[in-house]
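1. Sequence first, then the predicted structure, then my questions.
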Amino acid sequence: MFTRFEEYAAASMLGAPDSPPRVDGKLLFTNRWERDVFGLALSLAKAGCFEWEDFRQSLIASIARWEAADCADQPRWDYYERFLEALFDVIEAHGVLTRSELAGVIKARLPAADPTATR
Amino acid sequence: MSNLFEFPEDREASSAAKVRALEALLIEKGVIGSDSVDAVLKHFETMAGPFNGAKIVAHAWVDPAYRQRLLDDTPKAIAELSLPLGMAGAEGEHMAAVANDEHVHNLIICTLCSCYPWPVLGLPPYWYKDPVFRARGVREPRAVLQEFGVTVPPDKEVKVWDSSAQIRWFVVPERPANTAHLSEAELAALVTPESMMGVALVAAPTA
């Protein structure tokens, strides 16, 4: 039905618990990294690293874990935080990167003065 | 008490750093190209989206002959405009436009699932796929429109169009009054995706 992977991927998320935030027909990104992580997930699936449905299920699981967490430990709701966690999970599960490579990524910190990083 | 709503300030920065490091490593390993992320987002940001529909509607407002061609053969009329490549393909080639006027108000739904003219309207809103909206849109469109804030006078006909894989409908809304002085680009800026689904009217500029 869809000739473009991008539309298939976005359409499969619509009306489901993993729907991305959007406004006026466009994806809504509050920060630059949210746009980047959305694009990364699509790019990796498009490159065949995993099936898009695998990522979706990982995202649904990540959202469910957030919902099940004790109030005291529950971080503020943030769709793209769950999205990033889901992407790490699916990357590890499919061996796109090794565990030690991922550990390096998770430890990454921004240079002290980089005002552009979150916008 | 003062720290009850304290937000971990570094969480955003931490996520940004992880995403940046992840992308850099994936590019370095050759898993994705250096332009892959921008390429997939370009589809949503510049190729297929409500900006296309708004340009089509604004052009139909200023050119009555074009409006007629748009209603007669929508894909052909769209091809006359220089719009991005996202217009081509399965989602775009079966599009059909219907126009609101003083006698008719059109409403687009999809009773089957969520067929939608993506190239001109972008991503559908949450409620578009809602079974209740889909069912009530057919059964009591005037009541549904009322809930969206659109009151259709009793003497005005309401037509409901059911999008499918064969035909994806969109609405050419009525041009608001007092817009004769606006340029085509200024008119396009008034057109919302909701107005092209028939659940909203185009509001006149406030200034």
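-> Yep, that arrived. Quantities reported herein were computed from a predicted structural model and do not represent experimental measurements.
2. Residue A:92 touches residue A:102, doesn't it?
-> Yes - judged on C-beta atoms under 8 Å, residue A:92 makes contact with residue A:102 at a distance of 5.8 Å. From N, CA and C alone the C-beta is placed, and that goes for glycine too.
3. And these two? Which one has more around it.
-> Taking neighbours as other C-beta atoms under 10 Å in any protein chain shown, residue A:92 and residue A:102 compare with residue A:102 leading, 19 against 15.
4. what comes up buried for the helix or strand where the more buried one lies?
-> Assigned by DSSP states H and E, residue A:102 belongs to helix A:99-106. Applying a neighbour-count criterion of 16 or more other C-beta atoms under 10 Å in any protein chain shown, one finds A:101, A:102, A:105 buried in helix A:99-106.
5. contacting residues around that helix?
-> A:88, A:91, A:92, A:97, B:18, B:21, B:22, B:25 (C-beta atoms under 8 Å, 6 or more residues apart in numbering or on different chains).
6. Go again with 10 Å.
-> A:88-89, A:91-92, A:96-98, B:14, B:17-26, B:29 (C-beta atoms under 10 Å, 6 or more residues apart in numbering or on different chains).
7. quick one: pLDDT of the residue nearest the centre of chain A?
-> With distances taken as C-alpha atoms, centre = their mean, the residue of chain A nearest its centroid is residue A:83 (2.7 Å). Per-residue confidence (pLDDT) for residue A:83: 95.
8. Report the angle between the longest helix that chain B contains and helix A:99-106.
-> In terms of residue count, the longest helix belonging to chain B (DSSP state H) is helix B:10-28. Counting by axes from the mean of the first three to the mean of the last three C-alpha atoms, to 10 degrees, helix B:10-28 lies at 130 degrees to helix A:99-106.
9. which residues does the spatially most central residue of chain B contact?
-> Note on chain B: the residue nearest the mean C-alpha position is residue B:121, at 2.2 Å, using C-alpha atoms, centre = their mean. Residues near residue B:121 by C-beta under 10 Å, 6+ apart: A:24-25, B:48-50, B:52-54, B:95, B:108, B:128, B:168, B:170-171, B:192-194, B:196-197.
10. The closest residue to it other than its chain neighbours: neighbouring residues, count only.
-> Closest residue in space to residue B:121, ignoring its immediate chain neighbours: residue B:193 at 4.9 Å, by C-beta to C-beta, 6 or more residues apart in numbering or on different chains. Per other C-beta under 10 Å, the neighbour tally for residue B:193 reads 26.
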